[in-house]
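# model the following, please.
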Amino acid sequence: MDYLDLGPYSRAQGTIRLPGSKSISNRVLLLASLAEGETTISNLLDSDDTRVMLDALTKLGVEFTRNGDVCVVRGAGGAFPAKAADLFLGNAGTAIRPLTAALAVNGGEYRVHGVPRMHERPIGDLVDGLRQIGAHIDYEANEGYPPLAIHAAHIEVNEPIRVRGDVSSQFLTALLMTLPLVHAKSGQIVVEVQGELISKPYIEITMKLMERFGVTVAREGWQRFTIPAGGRYRSPGAIMVEGDASSASYFLAAGAIAGGPVRVVGVGRASIQGDVAFADALTAMGANVTMAEDWIEVRGVGHDHGQLEAVDMDFNLIPDAAMTIAVCALFARGTTRLRNIGSWRVKETDRIAAMATELRKVGATIEEGEDFLVVTPPAAITPNAAIDTYDDHRMAMCFSLVSLGGVPVRINDPKCVGKTFPDYFDRFKTLARV
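Numbers count the residues shown, from 1 in each chain. From the prediction side, this is the model:
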């Protein structure tokens, strides 16, 4: 399907049970693969990003069985059995970054690569960190970017490892998850973050999941992390992947924009994902938000004029969900400013440029900078806009919300949502009302 026409809709109402979190799914798959024992993973996301991770684990000799959203992984006990593999990882940052680190200390010969856009997404800061402990990694094309050739090397940790934190938190996540597999004479390994660490809630996810597998990371602020060296991951037996909080943002926004109530089940107060803070942003815009341990419900604004209010906010902690706020700004009174979102530039596409281009198509006035986006809504949303999605799942899901403004919208290449949420549009249509 080359395109999908949505709307016009004027209301959204209903309940959605969320698919498993992408960030948690791929982290748990890797931890379970490296652990001792067998792990039963339930509510595992079935998407492009998890499939490339599972394909890679198969090539690395990890055994697992899958039945629907339940996957049973037989852990390899600290090292992948296969000592040579060619791994295609699509455009999955949650796969290529942690796997690169794990393979660098695995004592084998590996090649990791992906789609053309993946070869434009930086990985140099992670490689620099790994080279500090003796890893032998070569760039096959452009310095600082995949594809990579990873070679067997003598790994030794004698001093703190330094890694930049201002490009992607996935570099730190990759090091934290891998370093317990490495021995150090001191019995512990220290990672020092240089510069501001972005997307801190994703590091929280990493640390909490590592703890579930028996390894505790100590941190001093967000600049220094201490990991027990030569540790072992041990299976918790069973683990459930909570719902995807980033995916929840589209449905919660639908409730705020188009009346609601819309309830998402699978995330709530008990969530380990930072993107549940998206609910706070909606509250700041005037929406009515109710939250329980494992669900969030949103109704439209309660005041007379029925519009959301513009916000001026720092979205460094929730960059993925912040994209949804940019579209919500179309339905707000005043000018919305999204600040500290420089990480958008190195995602599945340059999201600042892409959002600016597509928001202009629906009539918004946009100002963009290196790490900010300013959105002033139009008096009336332009109907029948054809939204390009840049092979970026979040672009497609965000702009589906335009149809709730009583205008039709066309989403080009809707199948790109397969990266994290293959049946997103079917779920969206169960909520939308004419």
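
# show me the contacts for Leu373.
Leu373 makes contacts with 326, 337-338, 341, 352, 355-356, 366-367, as judged by C-beta atoms under 8 Å, 6 or more residues apart in numbering. Placement of C-beta: from N, CA and C, glycine included.

# from the residues you listed, list the buried ones, please.
Buried members of the contacts of Leu373, counted by 16 or more other C-beta atoms under 10 Å: 326, 337-338, 341, 352, 355-356, 366.

# what backbone torsions are found at His393?
The phi/psi pair for His393 (degrees, to the nearest 10) reads phi -50, psi -40.

# need the nearest residue in space to Ala85, chain neighbours excluded.
Lys59 (4.5 Å; C-beta to C-beta, 6 or more residues apart in numbering).

# measure the one you found to Lys83 for me?
Going from Lys59 to Lys83 by C-beta to C-beta, to the nearest Å gives 11 Å.

# just Ala379 next, same as before
Counting by C-beta to C-beta, the separation of Ala379 from Lys83 is 63 Å.

# who's more crowded, those two?
Lys83 (14 against 5; other C-beta atoms under 10 Å).

# need phi/psi at the more buried one.
Backbone torsions of Lys83, given as degrees, to the nearest 10, read phi -100, psi 10.

# test my guess that it contacts Ile150.
No - with contact defined as C-beta atoms under 8 Å, Lys83 does not count as touching Ile150 (11.1 Å).

# intersection of neighbour lists for those two?
Shared contacts of Lys83 and Ile150, defined by C-beta under 8 Å, 6+ apart, comprise 108-109.

# follow-up on the earlier one: the residue nearest to Ala85 touches Ala84, doesn't it?
No - using C-beta under 8 Å as the test, Lys59 is too far from Ala84 to be in contact (9.4 Å).

# ok, the two, which is more surrounded?
Legend: neighbour count by other C-beta under 10 Å for Lys59 and Ala84, higher for Lys59 (16 against 11).

# how about the more buried one, phi and psi?
phi -70, psi -20.

# which ones are touching it?
By C-beta under 8 Å, 6+ apart, the contact set of Lys59 is 82, 85-87.

# state the distance from it to Val115.
Going from Lys59 to Val115 by C-beta to C-beta gives 18 Å.

# same check, this time on Gly268
34 Å.

# same check on Leu359?
Counting by C-beta to C-beta - Leu359 and Val115 are separated by 25 Å.

# who's more crowded, these two?
Set side by side, Leu359 and Val115 show more neighbours around Leu359, with 27 against 17, by other C-beta under 10 Å.

# can you report phi and psi for the more buried one?
phi -60, psi -30.

# how about it, nearest residue that isn't a chain neighbour?
In space, and not counting its chain neighbours, Leu359 is closest to Ile366: 5.4 Å by C-beta to C-beta, 6+ apart.

# any residues touching the helix or strand containing that neighbour, and which ones?
Using DSSP states H and E, Ile366 sits within strand 365-368. With contacts defined as C-beta under 8 Å, 6+ apart, strand 365-368 is touched by 352-353, 356, 359-360, 373-376, 378.

# so which of those residues belong to helices?
352-353, 356, 359-360 (DSSP state H).

# and of those residues, the nearest to Asn316?
Nearest to Asn316 out of those is Ile352 (C-beta to C-beta; 13.6 Å).

# looking at it, the closest one is touching Asn340, isn't it?
No - using C-beta under 8 Å, Ile352 makes no contact with Asn340, being 11.7 Å away.

# common neighbours of the two, please.
By C-beta under 8 Å, 6+ apart, the residues touching both Ile352 and Asn340 are 371-372.

# who's in contact with Arg433?
9-13, 258.

# let me know the closest of these to Ile96.
Nearest to Ile96 out of these is Ala12 (C-beta to C-beta; 35.4 Å).

# alpha carbons only: can I get the helix or strand encompassing that closest one in PDB?
Element membership for Ala12 (DSSP H and E) is strand 11-17. Extracted as PDB, the C-alpha positions of strand 11-17 are listed here (Å, rounded to 0.1, in the frame of the first residue of the first chain):
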ATOM      1  CA  ARG A  11     -14.000  12.500  17.800                       C
ATOM      2  CA  ALA A  12     -11.800   9.700  19.400                       C
ATOM      3  CA  GLN A  13     -13.000   7.400  22.100                       C
ATOM      4  CA  GLY A  14     -12.200   3.900  23.400                       C
ATOM      5  CA  THR A  15      -9.600   1.700  25.000                       C
ATOM      6  CA  ILE A  16      -6.300   0.400  23.500                       C
ATOM      7  CA  ARG A  17      -4.200  -2.400  24.900                       C
END
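
# name the helices or strands packed onto the helix or strand Asp5 falls within?
In this structure, Asp5 is located in strand 3-6 according to DSSP H and E. Counting by 3 or more C-beta pairs under 8 Å, 6 or more residues apart in numbering; DSSP states H and E, the packing neighbours recorded for strand 3-6 are strand 409-412, helix 424-431.

# all set now, cheers.
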